[in-house]
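J.: build me a model from this:
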Amino acid sequence: MQENTAFPLSIQASILIGSLIIAIAVLISGGVIKLQGQGLGATSANGTTQSAQASGAPAPSANHRVSGVTAGNLPTLGDKNAKVLVVEFADYQCPFCEQFFSQAYPQIKKDYIDTGKIQFAFRDYPFLGQPQTDPAGDESMNSANAARCANDQGKFWDYHDYLYSHQGQEDSGTFSKDNLKKFASDMGLNTTQFNQCIDNNTHLTDAQNDMKEGQGYGVSGTPTVYINGVELVGAQPYSVFKQVIDQELSSAK
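T.: This next block holds a predicted model:
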């Protein structure tokens, strides 16, 4: 007679639950899972993904404010005399930045930028790329420089939008210098001028300076958005941005 060696179902369930608890503990202790109190998602400065609640994320209190946040030296959108300044620090390779661009930003643009209620600025925080032989050759820096090269021809926001609309996997070659040149050609830019700007890394220092200033404000991941200095981290729902913007507009009256 064959002996039945199967464990009772209650023992099997206990083993399974215990294994899951151990696995979760290992993940947390190893830094694979890192919850952040605000933000639907952000990419941190050490390259890890930070995530929180999927909806209904609370807005930060009004006293969580950083003073002295400026618009930088790239063209802004909206009314330059608006009493509310919204500044985004972002990396063109960051997937959560693309999420902000495709989800919350269009509604912010429609309700607040296009109506002249706010001034909106983009600032570079290109920290995700991995340099190869060229110290300035990582794809985050490449794309930041490229958008500024497009700005030399009055096409910053067009190129900014094109980059996020064509984002690929991080350091997959999507934002190689050759591809960035092709983007400019597809957009009808003066390729001789643009390609020279890319090859010479003309605006690399400007992008690096943006990042240094961001670090001074306390930016540690992307996207980080300041609304009159009130900090929001991650791809927050539009409702969170709306709440803070409305508060600042009301206070500015």
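J.: and the strands in the stretch 101-250 of the chain?
T.: In the stretch 101-250 of the chain, the segments counted as strands under DSSP state E, counting those that start in this stretch are 119-124, 221-222, 224-227, 230-233.
J.: most packed of the ones you listed?
T.: Highest mean neighbour count of these: strand 221-222, a mean of 28 (counted as mean count of other Cβ atoms under 10 Å). All C-beta spots, glycine's among them, are computed from the backbone N, C-alpha and C.
J.: can you list the strands that that one pairs with?
T.: Sheet pairing for strand 221-222, assigned by DSSP bridges, gives strand 41-44 (antiparallel).
J.: tell me how many other residues surround residue 246.
T.: Residue 246 has 14 neighbouring residues, counting by other Cβ atoms under 10 Å.
J.: and it, how far is that from residue 154?
T.: 32 Å (Cβ to Cβ, to the nearest Å).
J.: still on that earlier bit, as CSV, the strands of the stretch 101-250 of the chain with distance to residue 83 and mean pLDDT would be great.
T.: CSV is the format used below for the strands of the stretch 101-250 of the chain (distance: least, Cβ to Cβ, whole Å; pLDDT from 0 to 100):
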stretch, distance to residue 83, mean pLDDT
strand 119-124, 9, 98
strand 221-222, 26, 92
strand 224-227, 12, 97
strand 230-233, 14, 96
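J.: those: which one's closest to residue 212?
T.: Ranking those by distance to residue 212, with Cβ to Cβ as the measure, places strand 119-124 first at 10.2 Å.
J.: and the contacts of the closest one?
T.: Contacts to strand 119-124, defined as Cβ atoms under 8 Å, 6 or more residues apart in numbering, come from residues 71-72, 74, 76-82, 84-91, 108-109, 112-113, 144, 160, 206-207, 210-211, 213-214.
J.: re the thing from before, tabulate the strands of the stretch 101-250 of the chain (JSON lines), appending distance to residue 169.
T.: Below are the strands of the stretch 101-250 of the chain laid out as JSON lines (distance: least, Cβ to Cβ, whole Å):
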{"stretch": "strand 119-124", "distance to residue 169": "20"}
{"stretch": "strand 221-222", "distance to residue 169": "16"}
{"stretch": "strand 224-227", "distance to residue 169": "22"}
{"stretch": "strand 230-233", "distance to residue 169": "23"}
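J.: of all those, which one comes closest to residue 195?
T.: Comparing the strands of the stretch 101-250 of the chain under Cβ to Cβ, the one sitting nearest is strand 119-124, at 20.5 Å.
J.: mind listing the strands the closest one pairs with, and their directions?
T.: strand 77-78 (antiparallel), strand 85-90 (parallel).
J.: deepest of the ones you listed, which one?
T.: Comparing those by mean neighbour count (mean count of other Cβ under 10 Å), strand 85-90 ranks first with a mean of 24.
J.: contacts for it next, please.
T.: With contacts defined as Cβ under 8 Å, 6+ apart, strand 85-90 is touched by 69-72, 97, 100, 108, 112, 118-125, 210, 214, 217, 219, 222-228, 245.
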